[in-house]
Every structure is written in C-alpha cells, then in structure tokens.
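Visitor: Need a 3D model of the sequence below.
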Amino acid sequence: MNTEEQDVIIEARDVHYAYEEGGPHSLNGVNLKIKRGKKVAFMGANGCGKSTFFLCCNGIYKPDKGMVLFEGKPVDYSKKGLLDLRSRVGIVFQDPDNQLFSASVYQEISFGILNMGVTEEKARQEVDQVIGHLEITPFRDRPAHALSGGQKKQVSIADILVMHPEVIILDEPAAALDAKHTKIVNQIVDGLAEEGITILMATHDIDYALSWADEIVLMHEGKVLRHADPVTVCTDQEALAMTNQEEPAVLKLFERLQKKGILGSGLKPPVNIRELEHYIEVSSRA
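Guide: The predicted structure follows:
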C-alpha cells in the first residue's frame, strides 16, 4: 500500500443504495476517497444523496451494490464490526431529537462509551472531560429534551466525541440554529479539525464551505459531480447551476474588482472576506 492509499480513511467504490427494493436509487454509483484529517464539505440540492451517503459511511445503511471501505478494508457488517466502526466514525444527525433519548445530558453522553465495555470509572472520566471541553457543564444534569436547539447540538457532538472517533460526520450542523449557537457549533467543529479528526459536513452555505473546507464534494442525483478544492468547485459555473448553487459572494465581488482593474489579474481567489480586504488594502497603497 503506497502513502497516498494509507492517507485514505474512507473510500466509496461504485456505491448504490435504494430505500425500497426496486425503487429509485438515492445513490447511483458513488466513487469517492476521503483523506485522513481533511475537512470536507458535502453540497448539493435536497435529495442528492448526501445524508444517505453519510449513513453508508458508518454502516447504518449497507449498499445494494458496491462497497464502502474504512482504512482500506471493506466495512464489516457483523454486530462486532459495526460497533467498532461506529466508535470510529461518528455521525451527528441534522435533527438532534433523532439522537438524544436519555433522561439527562450526563446519561446521554455516557451511554455510547459504556456500551463499548469501558469501566464506569473510565467512562466517568471521559464524560467529565468532554463535558468540560464543550462547555456543557451548566446543563449536564438537565433532561436532554428540555435543552435549546443549540445545546442539543452540543450534546449530540459530545455523544460522539467521548468515544474518540477518527471521523465525525455532521449533517447540516447549523440547521435551525440562531447566529449565536451557529457560531458555538462552528467553533467546536474547528477545534475538532485542529485535533486532526476527519470532518465530513453537509451544508447549504456555500460561503461557509469556501472558507472552511479543504475539499468540497458536490453531489447531483446520487453521484459525485465534482470533488476538488473549494475555489475550483465554487467557480465551476456549470456544476453550480446543475446543483442549484450560487457562486460565493466573495468570489463574485473579487471578479468584479478585477474586471474594473481595481485588483490585478494574477491574484489567487480569496476564500473569505478578510483575504479580499487584504488585497484591496495592498492595492490602495500601490
């Protein structure tokens, strides 16, 4: 196995999946390699297959055709194999109410790690650590169903993080959150990425995807339409149109400034407003 193959943590080979036998396929031949430690944004219109692919990645769904590999080995769908996979590939659902069911936040976060056979003392230490890390302490003893949407999302992430996964999948983590809690969740995700955890995130926010991701996977009708660095994907007008996406605002403004001669033609496209402001400041001093 060469170094590049060793860097691939999740691979999909011609993955097909239909929710009903004989029904339309949600996935229609997905071929994809995800490298370890990368931040990967998944984008596409509703129904393009993002969530279905995520559920195949941690073994909740088994492909009708093709295969998913984790660290170079096909997923083992035995009970033991799936338990191991789900401790290493965690998923945070779009609606946290689909994930939270325990009487208290503390019990909720303890549930998964105790099922892994960890001693109660070790589990308590791990849970206390993640509760402190994600600033959940103020509501650790409250019922999960009584929390706000942002707090539920924090607990959902803690559910996964306590098991020390190598991959965390986030299905639209900012959905239905206000600006304050969106910022909190984004900060948590950035912290996980800094720890070297591979992050797969579905989002409809193309401006955020451009500035945050190492790579963008653009899906269309159950297939991967584009998989490349954010600027390459976000400037592919044909692919964006096919998937009902608009070019990020910062790239639109950058192109206009270049056309007017305010910015030079040789500049690397900015991925956020700070980079564009820097270009403008340098240009104004020239």
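Visitor: For stretch 200-220, what does the pLDDT average out to?
Guide: With pLDDT averaged residue by residue, stretch 200-220 scores 97.
Visitor: end to end, how far does it reach?
Guide: For stretch 200-220, the first and last residues are 17 Å from each other (Cα to Cα, to the nearest Å).
Visitor: Now do the buried residues in that stretch.
Guide: Of the residues in stretch 200-220, those scored as buried under the neighbour-count criterion (16 or more other Cβ atoms under 10 Å) are 200-213, 215-220. C-beta: built from backbone N, CA, C; applies to glycine.
Visitor: okay, now the domains of this structure?
Guide: By the assignment in automatic domain parsing, the chain contains the domains 3-104+165-182+196-246, 248-286.
Visitor: Please identify the most buried of those.
Guide: Comparing these by mean neighbour count (mean count of other Cβ atoms under 10 Å), domain 3-104+165-182+196-246 comes out on top with a mean of 18.
Visitor: Phi, psi for Lys33 please.
Guide: The main-chain torsion angles of Lys33 are listed as degrees, to the nearest 10 and equal phi -130, psi 130.
Visitor: Which residues are in contact with it?
Guide: 8, 10-12 (Cβ atoms under 8 Å, 6 or more residues apart in numbering).
Visitor: Turn those residues into JSON lines, including pLDDT, distance to Pro143 and secondary structure.
Guide: Below are those laid out as JSON lines (pLDDT from 0 to 100; distance: Cβ to Cβ, whole Å; DSSP: H, G, I helix; E, B strand; the rest coil):
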{"residue": "Val8", "pLDDT": "97", "distance to Pro143": "41", "secondary structure": "strand"}
{"residue": "Ile10", "pLDDT": "98", "distance to Pro143": "35", "secondary structure": "strand"}
{"residue": "Glu11", "pLDDT": "98", "distance to Pro143": "40", "secondary structure": "strand"}
{"residue": "Ala12", "pLDDT": "98", "distance to Pro143": "38", "secondary structure": "strand"}
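Visitor: Helix or strand: which one has the residue most central in space within the chain?
Guide: By Cα atoms, centre = their mean, the chain has its centre lying nearest to Met201, at 1.7 Å. Using DSSP states H and E, Met201 sits in strand 198-202.
Visitor: Output the contacting helices and strands for the following helix or strand past that strand.
Guide: Stepping forward along the backbone from strand 198-202, the first helix or strand reached (DSSP H and E) is helix 206-212. Other helices and strands packing on helix 206-212, by 3 or more Cβ pairs under 8 Å, 6 or more residues apart in numbering; DSSP states H and E, are strand 39-43, helix 179-194, helix 230-234, helix 249-259.
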